[in-house]
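**Q** got a sequence here, can you build the structure:
(one chain, ligands or ions: 2)
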Amino acid sequence: MTPMAIRDPSCDDDFDHASLTCNEAIERILAAVEVVEGHERLHLRAALGRVLAGDIHSPVDVPQHTNSAMDGYAVRAADLPTHGTARFTVIGTAFAGRPFDGAAGAAQAVRIMTGAPLPDGTDTVIMQEHVASDGAAITVDGQHQRGQNVRAAGEDLRRGQRVLARGHRLGAAELGLVASLGIGEVDVTRRVRVAYFSTGDELRSIGEPLGRGEIFDSNRYTLYGMLREAGAEIIDMGVVRDTREAVEQALREAAAVADVVITSGGVSVGEADYIKSVLAAIGQVGFWKVAMKPGRPLAFGRIGRARFFGLPGNPVSVMVTFQQFVLPALTRMAGAAPRPPLTLQARTTATLKKRPGRMEFQRGMLARGADGVLEVTPTGDQGSGILHSMSTADCYIVLDIGCGRVEPGSLVDVQPFTAAG
Ligand code: AMP
Ligand code: MG
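**A** Ligands and ions are numbered 1, 2, ... in the order given. Okay, here's the model as predicted:
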């Protein structure tokens, strides 16, 4: 081990050449993970949030029948006047789900509702607002085009066409899309199994009394929330005490049952920080420092077949490092393609304190300025223990590694939270 590699990564110094950049870290992580094996067939509703294991092709034309896009009258375009008006006799009505049985001939119209199949002989729909009607007949002027207000069979999807590709995550729109094809079950990759625990002698669970210097374990709750949102199968292993033996035993147990093991805390080089040395002893350390704030001590490696993420202990660091590094890995392992977070530019309303040396993820709130330009305001104190900043904020203000203090009015990169994963 070089002296560089054992420097304390949690202190507040700046450039540290043993740290990876965020991009290098993400690349290394993505290169080291692959899609989990195994898939399952689920009812459509149960597949919400899951990733398709195979392509979905349309078994039908959508729509199946040429139908009306409007409430009005179906006619033959050949009968429409080029100038003046024309009269059509109304011979019946077509409803959605109750088609008109006959066929329309010359100068005949069928009253038609939105979604009703176009009656035989007709090819054009005149909106009801555009006709004069006396009940038995309608009068139409020369302002209409052949085929107007008609939805052609197969115009949405053609039979046999690939509708969704393997790797697509099923959201609400996809459930509807698949249902519109009459498909009730889909093949999805199995959930990625994630085991996690918190480390720290100071941690107490909710309901336990707090002694001097003790705090409630919040990281297992944010991790639970983020893992649920990511669609993972969750194995919560509780709080593990700061002893080498306890950490080693918990890591071995977790790695035996999970695809991914996540810990929080104990990853810097304090006297009670055993994560990295145990990882080196029972698995492999890929890297353990990233030039970012919050979250510099961040261990990535493997234990047996499981991938391992040792997140820092500070609550904000846990969320930032999960979103930036763990989420793309889980996405890939679930069979989908990770996408970089949407990054926009906004004008900062306040000074942003920063020193060059690490990429920072400060917490901000977005709004539109008086001149219409997107503006961002930092949430205040940016300490990595200030979890309420994550609740107040709706975006990260992402400041590049080399950038220093930013003056009000400058443009900065922001990542809106809703688009972060
Ligand atoms: P560590 O990385 O273990 O040195 O922890 C860094 C800071 O995060 C310390 O102030 C810890 O008390 C705090 N911390 C660690 N784990 C948790 C947790 N599960 N919930 C809340 N705070 C934590
Ligand atoms: Mg600790």
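**Q** burial count for residue 343?
**A** 13 (other Cβ atoms under 10 Å). Quick note: C-beta positions are derived from backbone N, CA and C, even for glycine.
**Q** for residue 68, give me its contacts.
**A** With contacts defined as Cβ atoms under 8 Å, 6 or more residues apart in numbering, residue 68 is in contact with 74, 94, 112-116, 118, 125, 149-151.
**Q** just residue 398 next, same as before
**A** So residue 398 contacts 343, 359-361, 412-415 (Cβ under 8 Å, 6+ apart).
**Q** again with residue 104
**A** Going by Cβ under 8 Å, 6+ apart, residue 104 touches 74-76, 91, 110, 119-122.
**Q** elements contacting the helix or strand harbouring residue 301?
**A** In this assignment (DSSP states H and E), residue 301 forms part of strand 297-303. Secondary-structure packing of strand 297-303 (3 or more Cβ pairs under 8 Å, 6 or more residues apart in numbering; DSSP states H and E): helix 22-32, helix 244-257, helix 275-282, strand 284-289, strand 306-311.
**Q** for PyMOL, what selects the buried ones among the contacts of residue 68?
**A** Burial among those is assessed by 16 or more other Cβ atoms under 10 Å; the matching PyMOL selection reads:
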select buried, resi 74+94+112+113+115+116+118+125+149+150+151
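**Q** now, which of the contacts of residue 68 lie close to ligand 2?
**A** Applying Cβ under 5 Å from the ion to the contacts of residue 68, one finds that nothing falls near ligand 2.
**Q** name the nearest of the contacts of residue 68 relative to residue 160.
**A** residue 151 (19.5 Å; Cβ to Cβ).
**Q** quick one, what contacts that closest one?
**A** Neighbour list for residue 151: 63, 66-69 [criterion: Cβ under 8 Å, 6+ apart].
**Q** please redo it, this time with the cut-off set to 6 Å
**A** Residue 151 makes contact with 63, 67, 69 under the criterion Cβ atoms under 6 Å, 6 or more residues apart in numbering.
**Q** ok, of those, which come out buried?
**A** Among the contacts of residue 151, the ones that count as buried by 16+ other Cβ under 10 Å are 63, 67.
**Q** now the contacts of residue 151 in TSV, with secondary structure?
**A** Below are these laid out as TSV (DSSP: H, G, I helix; E, B strand; the rest coil):
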residue	secondary structure
63	coil
67	strand
69	coil
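**Q** may I ask which of the contacts of residue 151 comes out lowest in pLDDT?
**A** Ranked by pLDDT, the contacts of residue 151 bottom out at residue 63 (92).
**Q** so what pLDDT did residue 294 get?
**A** Here, the pLDDT recorded for residue 294 equals 95.
**Q** and residue 288, by the same measure?
**A** pLDDT, residue 288: 88.
**Q** need the per-residue pLDDT for the nearest residue to it once chain neighbours are set aside.
**A** What sits nearest to residue 288 in space, not counting adjacent residues and going by Cβ to Cβ, 6 or more residues apart in numbering, is residue 299, at 4.2 Å. On pLDDT, residue 299 comes in at 93.
**Q** can you pull the contacts of residue 299?
**A** Neighbours of residue 299 in contact, by Cβ under 6 Å, 6+ apart: 267, 276, 288, 310.
**Q** before we move on, the earlier item: pick the one among the contacts of residue 151 closest to ligand 2.
**A** residue 63 (60.1 Å; Cβ to the ion).
**Q** pull up the pairing partners for the strand holding residue 301, direction included.
**A** Using DSSP bridges, strand 297-303 pairs in its sheet with strand 284-289 (antiparallel), strand 306-311 (antiparallel).
**Q** quick one: that strand near ligand 2?
**A** No: using Cβ under 5 Å from the ion, strand 297-303 stays clear of ligand 2, with a minimum separation of 10.7 Å.
**Q** report the angle between that strand and helix 275-282.
**A** For strand 297-303 against helix 275-282, the angle by axes from the mean of the first three to the mean of the last three Cα atoms, to 10 degrees is 20 degrees.
**Q** any idea how far residue 398 is from ligand 1?
**A** According to Cβ to the nearest ligand atom, to the nearest Å, residue 398 and ligand 1 sit 23 Å apart.
**Q** next, give phi and psi for the nearest residue to residue 79 once chain neighbours are set aside.
**A** In space, and not counting its chain neighbours, residue 79 is closest to residue 107: 5.6 Å by Cβ to Cβ, 6+ apart. Dihedral pair for residue 107: phi 60, psi 30, per degrees, to the nearest 10.
**Q** interface residues of this structure facing ligand 1?
**A** When proximity is defined as Cβ under 6 Å from any ligand atom, the chain approaches ligand 1 at 198, 200, 202-203, 215, 217-219, 264-268, 270, 312-315.
**Q** which of the residues you listed count as buried?
**A** Using 16+ other Cβ under 10 Å as the burial test, the residues of the chain next to ligand 1 include 198, 200, 202-203, 217-219, 264-268, 312-315 as buried.
**Q** among those, which ones are in helices?
**A** The members of those that map onto helices under DSSP state H are 219, 315.
**Q** tell me the least confident of the buried ones among the residues of the chain next to ligand 1?
**A** Of all these, residue 268 has the smallest pLDDT value, namely 84.
**Q** right, and residue 246 touches residue 239 too?
**A** No: with contact defined as Cβ atoms under 6 Å, residue 246 does not reach residue 239; the gap is 9.8 Å.
**Q** those two: which is more packed in?
**A** Shown here are residue 246 and residue 239; by other Cβ under 10 Å, residue 239 has more neighbours (20 against 17).
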